[in-house]
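1. Just the structure for this:
(one chain, ligands or ions: 1)
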Amino acid sequence: MTTPHTPDPHELAVLRERYRLERERRVRSDGAAQYRDADAEFGYYAADPYTEGPADRAPLHDLVDVVVIGGGFGGILTGARLRQQGVARVRIVEKGGDFGGTWYWNRYPGVHCDVESHVYLPMLDETGYVPEWKYAPGDEIRRHAVRIARRFDLYADALFSTGVTALTWDEASETWLVSTDRGDDFRAAYVVSATGTLTDPKLPGIPGIEDFAGHTFHTSRWDYAYTGGTPEGGMTRLADKRVGIVGTGATGIQAIPMLAEDAGHLYVFQRTPSTVDERANRRTVPADVGAGRAGWARERRDNFLRIVSGESAGRDLVADRWTTSAGLLEKLLPSFRRHGDRHTFEAAYEAADAAKMNELRARVDRCVTDPEAAEKLKPWYRYACKRPTFSDLYYPAFNRDNVTLVDTADTHGIERVTEDGVVVGGTAYALDCLIFATGFNVGTSGIHSGRLPVRGRDGVHLLDRWRRQGPRTLHGFTSNGFPNLVQLGSLQNASSVNFTHILDEQAVHAAALVAAAEADDALVEPSPASEDAWLAVLAEGAPDHEWFHAECTPGYYNREGRGRPNGPIAYPHGAVAFHRLLGEWREKSLSEVLRSRTVPRA
Ligand SMILES: NC(=O)C1=CN([C@@H]2O[C@H](COP(=O)(O)OP(=O)(O)OC[C@H]3O[C@@H](n4cnc5c(N)ncnc54)[C@H](OP(=O)(O)O)[C@@H]3O)[C@@H](O)[C@H]2O)C=CC1
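-> Okay, here's the model as predicted:
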């Protein structure tokens, strides 16, 4: 690798202006309202293509210890950690036909996780499994989800192809009444919500989208019956087809090279180019990662999290483009204050950022032979304005004769869909198949979607209360007025690129809360004072994101160009510090969240 050139002040000023113009070219007046919810408005796009149809079963009206909403890694890990605490009846309710969550739904060609498999796949120490690739294919990840579910006997009580439609606290029995779209009305002593962040596919609200007469689907519902093949390719039924794909985010980057191989002709409709860094995937053997030594996976996972959280870590065990670019993620955490005042930090950061972005733009020139296509593929914004992506196959796909790159930035995306295809800048592109790689409604699934009403004490609706008062939690997990309800997720909690690590720490915490309440015959419910204290902790260290996000191109990181929501949304000192805080709190203060029952536990 060549050493990146460090830009001088004049070059930085030119770049700043270029970024401003590119941002302005992209901001839309309708912001996030440009999108439509596939589940709510386009049932066809959200239907499950991987399961024959829900198995017949009688509605349930029984009582379980814990219901977990969501059978992705968050739900599976909660189930496993509850089992380790000795909890008997755990019922996981999942919309998909099996466990896996995002890895159940996303089976598009080329699907891989771009976080190293040895840190991404959870419970490797516990299951003895050692991944075969540095970056695992989706199928291997899904099989690992199933492995954990089997190991902890989570299939026994699981309900698949089932969505929870309402949660109602019943004061008389001090249990939750859980209603589903399959006619169930059962009770649970505790509810853990683990509905994930990338659950609801979204579609652009392009005029005429309903009129397209060809075949169409979202990448999270890949139609192999139409394309032929598998996630590894071989989509022979596309050989004579004109295929269009909309979107060049982390999903598009992986699917496009596979489509380029198999489609008669592929049109890539790009609005904002991603940063596409080196991937360097390779097979691994256990000795490469020190597997076999007790605790090897935990050590590697902790090492990765420390590095991407800006903490000192000693050796970099994973040593990939996430860890070597981690300094550029630091701006998202107040740990940047270690570097002095904001001005000093910003100057140093801007120079490092420009050097990295220059390196990424130079990569496009090296990989793409057509200079016009290379120019269109260059990202003009700061690193991590959009989620970084990694691929060694993406750019070479544009050197093929059967691939056309269509830049839609000037028209804010595709202008119109017609019966025959799409229109961009007045040019019509006739298509047989139109694929949407347009992402998900981030962070608005489950309880936060508004489609799963949660009524706590005195019938109070959780989202109504939060709309009035702002979200109120202790550590993001529990809320006053909603006893025995534990929420997993990033809100007022912590996050990181290795999200399964975050989920596992959350699962450990959720299980500890349940176990403590069981041991004391108590309810889990924080006091308003403890919520106030937590909000004060969040507000005190809240980073000033605005200066960074305001200059970014629009996307879901900055609410499509409108900046971050007001108020603290996450623990500001990073995931490592948050996990330390939670561990100490469990040791010393967990009993503060327990309240006496008025009704003995049935
Ligand atoms: N760990 C992993 O390996 C992977 C993780 N993921 C996760 O999933 C998330 C979602 O990724 P992804 O599915 O790619 O979705 P994204 O939301 O990241 O990308 C959506 C894409 O669709 C484009 N788009 C939206 N509307 C239009 C329109 N009207 N016309 C043209 N283009 C349009 C967007 O352009 P624009 O940028 O201009 O809005 C963008 O390129 C990622 O951020 C990541 O967290 C996904 C894949 C792999």
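2. wait, doesn't residue 416 sit right on residue 208?
-> Yes. In this structure, residue 416 is within contact of residue 208 by C-beta atoms under 8 Å, at 5.1 Å. The C-beta positions use only the backbone N, C-alpha and C, and glycine is treated the same way.
3. what's the overlap in contacts for those two?
-> Here residue 416 and residue 208 have no joint contacts, going by C-beta atoms under 8 Å, 6 or more residues apart in numbering.
4. Run a quick neighbour tally on residue 35.
-> Using other C-beta atoms under 10 Å, residue 35 is surrounded by 18 other residues.
5. partner residues bridging it?
-> Beta bridges link residue 35 to residue 204 when assigned by DSSP bridges.
6. Let me know the distance separating residue 158 from residue 253.
-> Distance of residue 158 to residue 253, given as C-beta to C-beta, to the nearest Å: 33 Å.
7. Compare neighbour counts for those two and give me the winner.
-> Applying other C-beta under 10 Å to residue 158 and residue 253 shows that residue 253 carries more neighbours, namely 25 against 21.
8. Tell me the predicted confidence for the more buried one.
-> The per-residue pLDDT reported for residue 253 equals 98.
9. and if you look at the one 4 residues further on?
-> On the pLDDT scale, residue 257 is placed at 98.
10. Who are the contact partners of it?
-> 110, 391, 393, 394, 396, 397.
11. residues from the stretch 301-450 of the chain in reach of the ligand?
-> Counting by C-beta under 6 Å from any ligand atom, the residues of the stretch 301-450 of the chain close to the ligand are 386, 387, 408, 413, 414, 437, 438, 439, 440.
12. Which residue ranges of the stretch 101-250 of the chain form strands?
-> For the stretch 101-250 of the chain, applying DSSP state E, counting those that start in this stretch gives strands covering 164-170, 175-180, 185-193, 202-204, 215-218, 242-246.
13. Out of those strands, which is the most enclosed?
-> strand 242-246 (a mean of 25; mean count of other C-beta atoms under 10 Å).
14. Neighbours of the closest residue to the ligand within the stretch 1-150 of the chain, how many?
-> As assessed by C-beta to the nearest ligand atom, the ligand sits closest to residue 114 within the stretch 1-150 of the chain, at 3.5 Å. Other residues near residue 114 come to 22 when the count uses other C-beta under 10 Å.
15. how much space between it and residue 505?
-> Distance from residue 114 to residue 505, counting by C-beta to C-beta: 21 Å.
16. Pick the one among the residues of the stretch 301-450 of the chain next to the ligand closest to residue 171.
-> The closest of these to residue 171 turns out to be residue 440 (C-beta to C-beta; 36.0 Å).
17. Across the sheet, point out what pairs with that closest one.
-> residue 201.
18. per-residue pLDDT, it?
-> Here the pLDDT value assigned to residue 440 is 88.
19. show me the contacts for it.
-> If you count contacts by C-beta under 8 Å, 6+ apart, then residue 440 has 197, 198, 199, 200, 201, 202, 220 around it.
20. circling back: just send the residues of the stretch 301-450 of the chain next to the ligand back as JSON lines, with secondary structure too.
-> Shown next, in JSON lines, are these (DSSP: H, G, I helix; E, B strand; the rest coil):
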{"residue": "386", "secondary structure": "coil"}
{"residue": "387", "secondary structure": "coil"}
{"residue": "408", "secondary structure": "coil"}
{"residue": "413", "secondary structure": "coil"}
{"residue": "414", "secondary structure": "coil"}
{"residue": "437", "secondary structure": "coil"}
{"residue": "438", "secondary structure": "coil"}
{"residue": "439", "secondary structure": "coil"}
{"residue": "440", "secondary structure": "strand"}
